[in-house]
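predicted model, plus sequence, below.
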Amino acid sequence: MHDGGLLHTNIPIVSLQDSGKTSLLIKAYEDVQDMLYFFVARKSEAELCRDFIEEITSKLQLPILGEVTRFADIFKYLLQLSKIRPITLIIDEFQDFKRVNPSIFSDMQKIWDLNKQEAHINLVVCGSVYSLMNIIFKNNKQPLYGRQTGEIKVTPFPPSVIKEILSTYNSAYANDD
């Protein structure tokens, strides 16, 4: 899942809630030096920005001066920073930005388009509302249309695969396992 040396990537990951997207992403990028994980919680944009700034200062060891209340300012800062320092940014429950501030998607489009040629950023967004993620990235009337460079759909294992895994690692498994 690593960016393979690409200057910039934008990879949406879509699956049902509680299917393991977050665990998969954290595990896949655990060895990446400058990996940031942003979760779009049910908070105001200013509260989310405080959380995101805390993640940036903690993981990148960089102070952020002043109060940041707009996600666009954080995104622009990270794309500018990625011109001198490769960054992986994971945004979980990305579709919830629509509830927080619908203009975030337009802001991201502008910032992405102006900076992507020089940026060394691996942007991985994931969401559990499949229909909204499709609208955000695949509807040609939406600002982020055409900006993804890949897509991963995470689906649950069928019972037959689960049984095979269990029998491989624990031949004495019971149906309750």
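Done, it's in. Residues are numbered from 1 along each chain as shown.

what about Thr57, how many residues nearby?
Burial of Thr57 is recorded as 12 neighbouring residues (other Cβ atoms under 10 Å). Any C-beta I mention is one placed from the backbone N, CA and C, and that applies to glycine too.

mind listing what it touches?
By Cβ atoms under 8 Å, 6 or more residues apart in numbering, the residues touching Thr57 are 63-64.

so for it, what's the pLDDT?
At Thr57, the model reports a pLDDT of 96.

what of the one 3 residues further on?
The model reports Leu60 with a pLDDT of 96.

look at it and say how many residues are nearby.
Neighbours of Leu60 (other Cβ under 10 Å): 17.

and the helix or strand hosting Ile136, which residues are buried?
Under the criterion of DSSP states H and E, Ile136 resides in helix 130-138. Residues of helix 130-138 classed as buried: 132-133, 135-137 (neighbour count, 16 or more other Cβ atoms under 10 Å).

okay, and the helix or strand of this protein with the least pLDDT?
Least confident helix or strand of the chain, by mean pLDDT, DSSP states H and E, is strand 8-14 with a mean of 58.

helix or strand right after that strand?
Using DSSP H and E, the next helix or strand after strand 8-14 towards the C-terminus is helix 21-28.

can I get the CA coordinates of that next one in PDB?
Only the C-alpha atoms of helix 21-28 are listed here, as PDB (Å, rounded to 0.1, in the frame of the first residue of the first chain):
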ATOM      1  CA  LYS A  21     -10.300  -0.400   7.300                       C
ATOM      2  CA  THR A  22      -8.700   1.500  10.100                       C
ATOM      3  CA  SER A  23      -6.700  -1.500  11.400                       C
ATOM      4  CA  LEU A  24      -5.600  -2.400   7.900                       C
ATOM      5  CA  LEU A  25      -4.400   1.200   7.200                       C
ATOM      6  CA  ILE A  26      -2.600   1.600  10.500                       C
ATOM      7  CA  LYS A  27      -0.800  -1.800  10.100                       C
ATOM      8  CA  ALA A  28       0.100  -1.100   6.500                       C
END
